[in-house]
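A.B. asks: Fold the following.
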Amino acid sequence: MTQYLLDTLPICQALSKQSQQQCKNFSVKGKRVCHIHGGKSTGAKTKEGKIRQKMANWKDGLRSKEAKAEAKQLREFMKSCKEAIQG
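C.D. replies: From the prediction side, this is the model:
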């Protein structure tokens, strides 16, 4: 069994949101953070899991490509209507 000197082990790099202090746990081998802050996580493996992970931050769709394209078309239509009315 390998013995480690506690002084040489890396410390978790995660910061507290409230106090802005660094976590004092040891990080998982080969990772930046401890097991509490996701050091054991391997990420999504299945296609469904990856899609669910992508959609986790989806809020309302107002800034999606489709919504931006629709807003651009609406602006162009309004501009052409305004030009037709004025002259």
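
A.B. asks: Before we move on, what's the pLDDT of the spatially most central residue of the chain?
C.D. replies: Against the mean C-alpha coordinate of the chain, by Cα atoms, centre = their mean, the closest residue is Asn57 at 6.9 Å. Here, the pLDDT recorded for Asn57 equals 77.

A.B. asks: Who does Ile11 form a beta bridge with?
C.D. replies: Counting by DSSP bridges, Ile11 is bridged to Phe26.

A.B. asks: Next up, the contacts around it.
C.D. replies: Going by Cβ atoms under 8 Å, 6 or more residues apart in numbering, Ile11 touches 22-27. For every residue, glycine as well, the C-beta is placed using N, CA and C.

A.B. asks: and the two most separated of those?
C.D. replies: For the contacts of Ile11, the maximum inter-member distance is 12.2 Å, found between Gln22 and Phe26 (Cβ to Cβ).

A.B. asks: quick one, which of the two is more surrounded?
C.D. replies: When neighbours are counted by other Cβ atoms under 10 Å, Phe26 comes out ahead of the other of Gln22 and Phe26, with 15 against 12.
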